[in-house]
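**Student:** This is a predicted model, with the sequence first.
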Amino acid sequence: MSPQDAERAAAEPRQAVVLDDVHKIYRMGTQEVHALAGVSLSFAEGSFWAIMGASGSGKSTLLNVLGCLDRPSSGRYLLSGQNVARLSDNALSEVRLRRLGFVFQSFNLIPQLTVRENIELPLYYLGWDTHASAARAREMAELVGLAERLGHRPMELSGGQQQRVAVARALANDPAIVLADEPTGNLDSATSEQILQLLRALNEEGRTILMVTHEREIAAYATHRLHLRDGKIDRVEADS
Amino acid sequence: MRSVKFILRDVRLGIKNLLLHKLRSLLTMLGVVFGVGSVIAMLAVGEGASKEALDQIRKLGSNNIILTSVKPSQDEASAQTRTFMSIYGLLYDDEARIRETIPGVRRTAPAKLVRKEGRLKARALELRLVGTTPEWALLVRRPVVAGRLMNHDDIAQRRNVCVLTEYGARRLLATEATIGQPVRIGGQYFEVVGIVRSESGQAGALQTPDQNIDAYIPFSLCREYFGDITVRRTTGSRSMEMVELHQAIVEVEATEQVPAVAAAIEAMLKRFHKKDDVRVSVPLALLRQAEATKKRFNIVLGSIAAISLLVGGIGIMNIMLASVTERIKEIGIRRAIGAKRRQIVLQFLIETVVLATVGGAIGMGIGLLIPGLVTRLAGMPTVVTPHSLALSLGISMGVGLVFGIYPAVRAARLDPIVALRHE
């Protein structure tokens, strides 16, 4: 790397995510559905994006592709500079495990595990030892304000608390990107506010956050908004 | 090392998941429980039977052929005449012919059996007098408890000696030394020179040649004192029997020759006896028969156990498939977090193996109980060998592996997106 390049790299924010003409085509019987029809975008590291659109606009598909749960039918997907569009199932699992964290609308905690065990789950697959992962789980629980609930089961917590556990779990593996799929969809406005503040705080610490939502007020917490329509980018807004 | 740790954690997780549904896990295990239980019980009964058979053969002597005089069922001569004398059985000549002419015979021991009361001072015991030669002790090997056995010197010197069994000695004289004491049998005094332990017992259809009320005396003296004729008095009538030899034991040089020698003896007897009055028993044949029975028994029980294990395995597979369906969401979550397919496979496989192994362990407990009950209730001997325990534990783990693979692979094949959306 020449000194000029290094200078430019330092000056320009690095891209967490770059999509280059990504298509996703589903076959339903004889019909082909273009869920994503040529999406090109780039999300800078440390940005907070809201992905918006009506149902059927392709925002879930986009999140699945971004979350490495699904592979694009064509196009390139650079995640921190690495093309992950053609990786094997195994390699994609590895990418999810090391670089991504998920927060879902329905919390998706495992009911038979305690709060601590749920938070430890990514660490378990990372092969951490018991001691270190317990310490990490406590740290994460403190971050979301649930250190007192480590021994509880998800069913014993309120919706907002469950979602905070889910955030703690998403952060346990120290991911580059946190993907949130309608994280407040099942919460009342007061707890929604808490979760969104939490996400914003994470963003301010420098973490990249991608959030799917269809509500404007929710999207307002993000610094950038991407509107999808019929599998294409409709428009992009950014806070000034 | 890391993978071992992973597996240990998965085992812990598996146990935890099974404990969440205690009743269901228990019911799922039942098939394996009974399968393993029956495998162990089967092996124990089979092992016990074969050990018993071997013990019996040892008592009878595997190289021995036992000839026994039997009263022909239709003794026309005695029925028609008024003498009531039935003459049958082995002749002195038969024994000589067998010893001299049939190749492969090493030695023979004749036996005259006479029922007489034995008296030692005030005590009395109904004895079975066995008039025989020193060869007897070589063919029916029994431990000598005290004193010595009858020898050729005794025969040559025409000494009135007898060897008692431990049982008889104890009955006749409980506390004092019996050796050297004179026992009065049928008007004659016999000096007790030795005591042997008897192994009286039944071996299949065969009675062991010795009984615990035996008293062994020199053959020639027995013949001289008690003759060949036995008189039996029953109410109002009396019957007489004339038997030269009640029994003869033939030892064959090598085990392989036993069937051939037995056939030769039978052919010889057929030529010299008009009536069918000698039974030829081959302990070896008994062993073979016992082994064949054991094999049949094992096949039957083995197929029951196999079917039980198969049903058990299918039961486990069924429940694990249901469990996979129930936990689709969990699988989706794990996959989204970054679990690889093989880790999902491992998780479910370990759960199934844990289930089957726990079932196997419970089955082992039952398998250890059943042989005890069989022994107590049916009187059959049973032997639980360590290798049968290891085998059945291995089988149950194998059942878990085999029947766990399909549900586990199905769980891992799920599309994470679909699985996550599942409610």
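**Tutor:** Perfect, thanks for sending it.

**Student:** Give me the neighbour count for the closest residue to B:Ile337 other than its chain neighbours.
**Tutor:** In space, and not counting its chain neighbours, B:Ile337 is closest to A:Pro122: 5.1 Å by Cβ to Cβ, 6 or more residues apart in numbering or on different chains. All C-beta atoms are positioned from the backbone trio N, CA, C, and that covers glycine. For A:Pro122, the neighbour count with other Cβ atoms under 10 Å in any protein chain shown is 28.

**Student:** Return the residues in contact with A:Pro122.
**Tutor:** Shown in contact with A:Pro122 (Cβ atoms under 8 Å, 6 or more residues apart in numbering or on different chains): A:Leu97, A:Gly101, A:Arg169, A:Ala172, A:Asn173, B:Ile337, B:Gly338.

**Student:** same thing with A:Asp239?
**Tutor:** A:Thr223, A:His224.

**Student:** so which strand or helix has the residue of chain A found nearest chain B?
**Tutor:** In chain A, the residue that lies nearest chain B is A:Leu97 (2.5 Å; Cβ to the nearest Cβ). Using DSSP states H and E, A:Leu97 sits within helix A:89-99.

**Student:** Pull the CA coordinates from that helix and hand them back as PDB.
**Tutor:** Once non-C-alpha atoms are left out, helix A:89-99 reads as follows in PDB (Å, rounded to 0.1, in the frame of the first residue of the first chain):
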ATOM      1  CA  ASP A  89     -23.200 -23.200   3.400                       C
ATOM      2  CA  ASN A  90     -20.400 -24.000   5.800                       C
ATOM      3  CA  ALA A  91     -18.400 -20.900   5.000                       C
ATOM      4  CA  LEU A  92     -21.500 -18.700   5.200                       C
ATOM      5  CA  SER A  93     -22.200 -20.200   8.700                       C
ATOM      6  CA  GLU A  94     -18.700 -19.200   9.600                       C
ATOM      7  CA  VAL A  95     -19.300 -15.600   8.400                       C
ATOM      8  CA  ARG A  96     -22.500 -15.400  10.400                       C
ATOM      9  CA  LEU A  97     -20.800 -16.800  13.400                       C
ATOM     10  CA  ARG A  98     -17.800 -14.400  13.400                       C
ATOM     11  CA  ARG A  99     -19.000 -11.200  11.800                       C
END
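
**Student:** Mind giving me the packing neighbours of whichever helix or strand comes after that helix?
**Tutor:** Using DSSP H and E, the helix or strand that follows helix A:89-99 in sequence is strand A:100-103. Judged by 3 or more Cβ pairs under 8 Å, 6 or more residues apart in numbering or on different chains; DSSP states H and E, strand A:100-103 is in contact with helix A:159-172, strand A:177-181.

**Student:** on that earlier part again, which two of the contacts of A:Pro122 have the greatest separation?
**Tutor:** A:Leu97 and A:Arg169 (12.4 Å; Cβ to Cβ).

**Student:** Need the overlap of contacts for those two.
**Tutor:** A:Pro122, B:Ile337.

**Student:** show me the contacts for the spatially closest residue to B:Tyr88 that is not a sequence neighbour.
**Tutor:** The shortest distance from B:Tyr88 to any residue other than its chain neighbours is 4.0 Å, reached at B:Asp277 (Cβ to Cβ, 6+ apart). Contacts for B:Asp277 were tallied using Cβ under 8 Å, 6+ apart; they are B:Ser69, B:Val70, B:Lys71, B:Pro72, B:Tyr88, B:Gly89.

**Student:** at 7 Å what do you get?
**Tutor:** B:Ser69, B:Val70, B:Pro72, B:Tyr88, B:Gly89 (Cβ atoms under 7 Å, 6 or more residues apart in numbering or on different chains).

**Student:** Just give the number of residues close to the third one.
**Tutor:** What that stands for is B:Pro72. Counted with other Cβ under 10 Å, B:Pro72 comes out at 17.

**Student:** ok, it touching B:Ser86?
**Tutor:** No - at 8.1 Å, B:Pro72 and B:Ser86 do not qualify as touching, with contact defined as Cβ atoms under 7 Å.

**Student:** and the residue of the stretch 301-423 of chain B nearest chain A?
**Tutor:** B:Gly338 (2.5 Å).

**Student:** okay, now the residue lying closest to that residue once chain neighbours are set aside: neighbour count?
**Tutor:** Counting by Cβ to Cβ, 6+ apart, A:Leu97 is the residue found nearest to B:Gly338 once chain neighbours are left out, at 2.5 Å. For A:Leu97, the count of nearby residues is 21 (other Cβ under 10 Å).

**Student:** State the distance from A:Leu97 to A:Arg14.
**Tutor:** Separation of A:Leu97 from A:Arg14 (Cβ to Cβ, to the nearest Å): 22 Å.

**Student:** Could I get the full set of helices for chain A?
**Tutor:** A:3-11, A:59-66, A:89-99, A:115-126, A:130-143, A:159-172, A:189-204, A:216-219 (DSSP state H).
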